[in-house]
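Chemist: sequence and predicted structure, then a few things I'm wondering about:
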Amino acid sequence: MYQSMSAVHSAVFSLKACQADLATGMDIVTSVALDLMEDQDGARNSGVSEMEALMIECAKLDREIDCFVDTVQRATAEVTAEQQEALFTMSSTVKEIFKERIAQLSDTDLQSHQKIIAFKENIKRSHNQASQESRNMEELDEDLAVTQTQVIFTCPLTQEDMINPVKNKKCNHHYEEKPIKLLIATRHNQNKKCRCPVVGCGNKDVKESDLIPDHVLKRQILDHKRQSSST
């Protein structure tokens, strides 16, 4: 009798250990889903949906283990030392009760599982964070576009709007034609290389042959001046 009950308790202990591993696995699945959210810029994708489906299956298994362990514990609690014959029928009794209890459970109850709730909250938080970051990036891009327009229209040497802009083929920066050619000639006479006057540019050898007229930018500057004058 003692050995039989010990085997039952050992089996229940093993199931509880499986539940602990299952909980760890669900945490890993949540982590993978969050990584997928980051890779897809927070977008809802098939990978995240698959992770959610896997979480549901894990929650279902966890719930069934809970139900089975509870059923076994109740059954063994009713068996006394004087009821040794009950052990021979306990297995079938547990199976019958377990089957009835599982049939009464609804899949909608899985949504209240602690790990499922945490999973959805994490996904929602990640999505909201990604959306906010996207909005911030859009605002930053707009500000940057305005700043870049101002910089492009302004010569880095004279700090005035360009009239005849030229583009450096090497670093793609723009300058007013006469000032940059004068600077190149001055450095040449000093036996020195002309560095690009744009702050932070790594082009240390600007040559006159690198410069090409930028007629498109010139038209943009003229249009910008007309709009400014009209306003």
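Modeler: Yep, it's here.

Chemist: what about residue 51, how many neighbours?
Modeler: Neighbouring residues of residue 51 were enumerated by other Cβ atoms under 10 Å; the total is 23. In short, each C-beta sits where N, CA and C put it, glycine included.

Chemist: nope, residue 29 is what I meant
Modeler: The criterion is other Cβ under 10 Å. On that basis, residue 29 has 19 neighbouring residues.

Chemist: element containing it, please.
Modeler: Residue 29 belongs to helix 2-39 when assigned by DSSP states H and E.

Chemist: so what does the following helix or strand past that helix touch, helix or strand wise?
Modeler: Along the chain past helix 2-39, the next helix or strand (assigned with DSSP H and E) turns out to be helix 46-77. Helix 46-77 is packed against helix 2-39, helix 86-104, helix 114-153, with contacts defined by 3 or more Cβ pairs under 8 Å, 6 or more residues apart in numbering; DSSP states H and E.

Chemist: export those to TSV and tack on distance to residue 198?
Modeler: As requested, those are exported to TSV (distance: least, Cβ to Cβ, whole Å):
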stretch	distance to residue 198
helix 2-39	34
helix 86-104	71
helix 114-153	8
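
Chemist: okay, domains of the protein per the record?
Modeler: Taking automatic domain parsing as the criterion, the chain consists of the domains 2-136, 155-230.

Chemist: and the one helix or strand residue 220 maps to, what does it pack against?
Modeler: For residue 220, the element it lies in under DSSP H and E is helix 215-230. For helix 215-230, the packing partners by 3+ Cβ pairs under 8 Å, 6+ apart come out as helix 114-153, strand 165-168.

Chemist: tell me which residues of that helix are tucked away?
Modeler: 217, 221 (16 or more other Cβ atoms under 10 Å).

Chemist: figure out how far that helix is from the centre of its chain.
Modeler: 41 Å (Cα atoms, centre = their mean, to the nearest Å).
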